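In: Prediction below, plus the sequence it came from.
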Amino acid sequence: MSSLTTQPEWQHLKTLAESVKDNHMRDWFNTDPQRADKMQAETCGLFLDYSKNRVTDDVMSGLMSLARARNVEKQRDAMFGGQAINQTEGRAVLHTALRNLTDKPVYVDGEDVMPEVKATLDKMRTFTESVHSGEHKGYTGKAVKDIVAIGIGGSFLGPKIMTEALKPYQQKGVKVHFVANVDGCHITDVLASVDPEETLVVMSSKSFSTQETLQNTQTAKNWFLASGAAQEDIAKHFVAVSSNVKAATEFGIAEENIFPMWDWVGGRYSLWSAIGLPICLSLGFDHFHSLLKGAHAMDKHFCEAPLESNMPVIMAMLGVWYRNFFGAQSHVLLPYYHYLRGLPAYVQQLDMESNGKQVTQQGDVVDYETGPVIWGSEGTNGQHSFHQLIHQGTSLIPADFMLPLNVPNQDDTHHAMLASNCFGQTQALMQGKTFDECYADLSDTDMDDATRKAIAQHKTMPGNKPSNTLLFNSLTPEVLGSLVALYEHKVFVQGAIWQVNSFDQWGVELGKVLGNQVLDGINGDASSDNFDASTQQLIAQFQRANAQK
Ligand SMILES: O=P(O)(O)OC[C@H]1O[C@H](O)[C@H](O)[C@@H](O)[C@@H]1O
């Protein structure tokens, strides 16, 4: 057995889980009028109600004891202190330095990284302002109207989803189009909708080696040159964000058009770096800066608040409670705000790429569950589809509901309905509906008793389904920054409990390598012996279908 599962704090939680499994939250609310008051936390413009969870005071203190026993605070300080905690790649993990708005230095291998971080932010500001003012001109003297932002994974999700979430803050006169997939349909559609003379391509790839991004950029370059532009005009229309400056210049991007990033920034934690350039170009630099400010405020909270009132720690430990002691396999995110509809996909990468691991930092195979499946979509849409399974299915699916209390430019009638649905769902999940209530509801019908009982059984909802509710006044850039950092730190704490490396992604890397090998197979540059019989057959089908072209 691993050191985690033999830990006394873990064993204690196991006993507590057995003892609360037969309790219903409904009864806890009935007997403890203080429950909602006690089980809440507030910071950085975010209010968390976690009272609708299957926890007692004893459980919460047991979870915090486990966090202390696993040295969460020490591990957190090691991350913020620039230690090489991503030990499989020998790298520090310092996305927090990108939003360090203090004068405090941050050292990596004895060198303060803050001057470089600040210089890059200055470069981003200057460039953004020159595009927005029209000072930056295309090769025919026209200002930029469209930005085609090419990147995938962390070089795509953060910029795209933050830009979308902050739609009310978008600048007029410039439109950002995001392209990630190598599926040519997307880049073809986007390029068909923009004018090369007024288009700026921002290519984002930390490694500058990702197949999808390289190919999409090449296609954009061919399109640009085919429009009559000359090679030297590329400098006015193509910029890159990368830690691999050499590869970017070899690709043809002018050195002054390269925005740097560093190997101590993980892809899924990179929106705060120059990877956020499309956010600046869409919203203006000041709003990007506010995003950093909000994330920095959450960093401070994470570092300074006692574990008991520390929002990321509370959310992380509740997740551990369900994952490890209740067998919950997934966790659903339900933003009740259309503009925030992309957050589940963002957190999906953040959480699943970070904690989708099966060995500990020491390389031992774990004997407990690690990261859950993360999924979700905007409310109220899900209420008319997958919520059914959350209410009455056989899996326990903890949920995070989130809602802005105010929304811009909207009829209040809609917003009150949205809010009531959000709160109503949390209530329904918690309370459920008993057999007796359902049976009583059917008293006016003329069905026989056996039928009435059977129908009542179908309508019965067990309830006792856990949820968190996150409220914020409105989704400003600052609040969004805090919200994203909240999830980053939640993931960190869970990784610290499970003792996995939350900062590498070898499974994804293998996919990249195999994708390239199969491409060689398809192009006839690799022997079919390199592939299993199934893959050989698939390649052959593709080759036959394309032989005539
Ligand atoms: O920015 P790039 O080097 O092109 O990488 C893009 C993406 O590639 C991989 O899929 C990684 O797992 C992601 O974390 C990364 O964000």
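Out: Perfect, thanks for sending it.
In: show me where the stretch 151-300 of the chain has helices.
Out: 157-165, 184-192, 211-226, 234-237, 245-251, 277-283, 285-304 (DSSP state H, counting those that start in this stretch).
In: Which of these has the highest mean neighbour count?
Out: Most buried of the helices of the stretch 151-300 of the chain, by mean neighbour count (mean count of other Cβ atoms under 10 Å): helix 277-283, with a mean of 27. Placement of C-beta: from N, CA and C, glycine included.
In: low-confidence ranges in this structure?
Out: For the chain, no stretch has pLDDT under 70.
In: Which stretches in it count as strands?
Out: 40-43, 46-49, 107-108, 111-112, 146-150, 175-179, 199-204, 238-242, 258-260, 330-335, 373-376, 399-404, 467-472 (DSSP state E).
In: Could I get these in TSV, plus columns for mean neighbour count?
Out: Compiled in TSV, these are given as follows (neighbours: other Cβ atoms under 10 Å):
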stretch	mean neighbour count
strand 40-43	17
strand 46-49	19
strand 107-108	16
strand 111-112	13
strand 146-150	25
strand 175-179	22
strand 199-204	27
strand 238-242	27
strand 258-260	20
strand 330-335	23
strand 373-376	20
strand 399-404	23
strand 467-472	22
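In: any chance of those in CSV, with distance to the ligand too?
Out: Conversion of the strands of the chain to CSV gives the following (distance: least, Cβ to the nearest ligand atom, whole Å):
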stretch, distance to the ligand
strand 40-43, 28
strand 46-49, 26
strand 107-108, 19
strand 111-112, 23
strand 146-150, 10
strand 175-179, 13
strand 199-204, 6
strand 238-242, 8
strand 258-260, 13
strand 330-335, 19
strand 373-376, 15
strand 399-404, 22
strand 467-472, 25
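In: I'd like to know which of those lies nearest to residue 543.
Out: Minimum separation from residue 543 across the strands of the chain (Cβ to Cβ) falls at strand 175-179, 27.2 Å.
In: and the closest one, what other elements does it pack with?
Out: The contact analysis (3 or more Cβ pairs under 8 Å, 6 or more residues apart in numbering; DSSP states H and E) places strand 175-179 against strand 146-150, helix 157-165, helix 184-192, helix 277-283.
In: Mind doing that once more with 10 Å?
Out: strand 146-150, helix 157-165, helix 184-192, strand 199-204, helix 211-226, helix 277-283 (3 or more Cβ pairs under 10 Å, 6 or more residues apart in numbering; DSSP states H and E).
In: Taking helix 157-165 as reference, get the angle to the fourth one.
Out: What it means is strand 199-204. On the basis of axes from the mean of the first three to the mean of the last three Cα atoms, to 10 degrees, strand 199-204 is oriented at 130 degrees to helix 157-165.
In: Strand 199-204 pairs with which strands, parallel or anti?
Out: Using DSSP bridges, the strands paired with strand 199-204 are strand 146-150 (parallel), strand 238-242 (parallel).
In: okay if I get the ones you listed as CSV plus distance to residue 291?
Out: Listed next are those as CSV, based on distance: least, Cβ to Cβ, whole Å:
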stretch, distance to residue 291
strand 146-150, 16
strand 238-242, 16
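In: hmm, back to that, right, and the helices of the stretch 151-300 of the chain - which one's nearest the ligand?
Out: The ligand lies closest to helix 211-226 among these, at 5.0 Å (Cβ to the nearest ligand atom).
In: which secondary structure elements does that closest one contact?
Out: Identification of packing neighbours for helix 211-226 by 3+ Cβ pairs under 10 Å, 6+ apart yields strand 146-150, strand 175-179, helix 184-192, strand 199-204, helix 234-237, strand 238-242, helix 245-251, helix 506-522.
In: Just confirm residue 468 contacts residue 426, I think it does.
Out: Yes - the pair residue 468 / residue 426 is scored as a contact, 8.7 Å apart, by Cβ atoms under 10 Å.
In: what do the two both touch?
Out: By the contact definition Cβ atoms under 10 Å, 6 or more residues apart in numbering, residue 468 and residue 426 are jointly contacted by 49, 51, 52, 399, 401.
In: quick one: which two of these are the most distant?
Out: Spanning the widest gap among those are 51 and 399, at 13.9 Å by Cβ to Cβ.
In: shared neighbours of these two, which are they?
Out: Listed contacts common to residue 51 and residue 399 are 426, 467, 468, 469; contacts here mean Cβ under 10 Å, 6+ apart.
In: and the stretch 251-400 of the chain, which of its residues are near the ligand?
Out: Contacts of the stretch 251-400 of the chain with the ligand, taken as Cβ under 6 Å from any ligand atom, map to 267, 268, 353.
In: can you tell me the residue of the stretch 251-400 of the chain closest to the ligand?
Out: For the stretch 251-400 of the chain, Cβ to the nearest ligand atom, closest residue to the ligand: residue 267, 2.5 Å.
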